[in-house]
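Peer 1: here are the coordinates; sequence isn't available:
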């Protein structure tokens with residue numbers, strides 16, 4: 001049985017409690033994760049284009065470095081927001 005099916009059955013049988021977040025936190029969490037997924041998807045597309053481009057390895061290497069740096073820069077603010085959100089959720093659970 002595949003892992004996904006196994007976990008779905010455990011969830012339906014009550015063995016795993018659903019993850020619940022505050023109604024204030026869940027939309028923000030979903031938005032941040034969705035944005036990060038979009039950024040990662042764009043990055044992978046650009047990487048694929050780059051790998052299929054001209055065979056000049058020097059320029060390809062420099063372009064890949066720029067692409068990687070841009071990817072990290074685009075992700076960083078969202079990663080920081082997730083860290084703040086995680087801290088807030090930890091504090092709420094401690095109350």
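Peer 2: Thanks, I have it. Not measured: the values here are computed from a predicted model.
Peer 1: residues of the helix or strand hosting residue 48 that come out buried?
Peer 2: Using DSSP states H and E, residue 48 maps to helix 25-51. Buried residues in helix 25-51, counted by 16 or more other Cβ atoms under 10 Å: 28-29, 32, 36, 43, 50. For every residue, glycine as well, the C-beta is placed using N, CA and C.
Peer 1: got any ranges where the chain has weak pLDDT?
Peer 2: 1-21 (pLDDT under 70).
Peer 1: run the last query once more with 50
Peer 2: Along the chain, the parts satisfying pLDDT under 50 run over 1-6.
Peer 1: Longest helix in it, by number of residues?
Peer 2: helix 57-94 (DSSP state H).
Peer 1: And it, what does it pack against?
Peer 2: helix 25-51 (3 or more Cβ pairs under 8 Å, 6 or more residues apart in numbering; DSSP states H and E).
Peer 1: helices and strands around the helix it packs on, which ones?
Peer 2: Secondary elements touching helix 25-51 (3+ Cβ pairs under 8 Å, 6+ apart): helix 57-94.
Peer 1: and the longest helix of the chain with helix 25-51, angle?
Peer 2: Per axes from the mean of the first three to the mean of the last three Cα atoms, to 10 degrees, the angle that helix 57-94 makes with helix 25-51 is 170 degrees.
Peer 1: List the buried residues for helix 57-94?
Peer 2: 63, 71, 74-75, 78, 81-82.
Peer 1: so which of the residues you listed would you say is closest to residue 56?
Peer 2: Distance to residue 56, by Cβ to Cβ, is smallest for residue 63 among the buried residues of helix 57-94, at 9.5 Å.
Peer 1: what's near enough to touch the closest residue to that closest one other than its chain neighbours?
Peer 2: Nearest residue to residue 63 in three dimensions, chain neighbours excluded: residue 50, at 5.7 Å (Cβ to Cβ, 6 or more residues apart in numbering). The neighbourhood of residue 50, defined by Cβ atoms under 8 Å, 6 or more residues apart in numbering, consists of 60, 63-64, 67.
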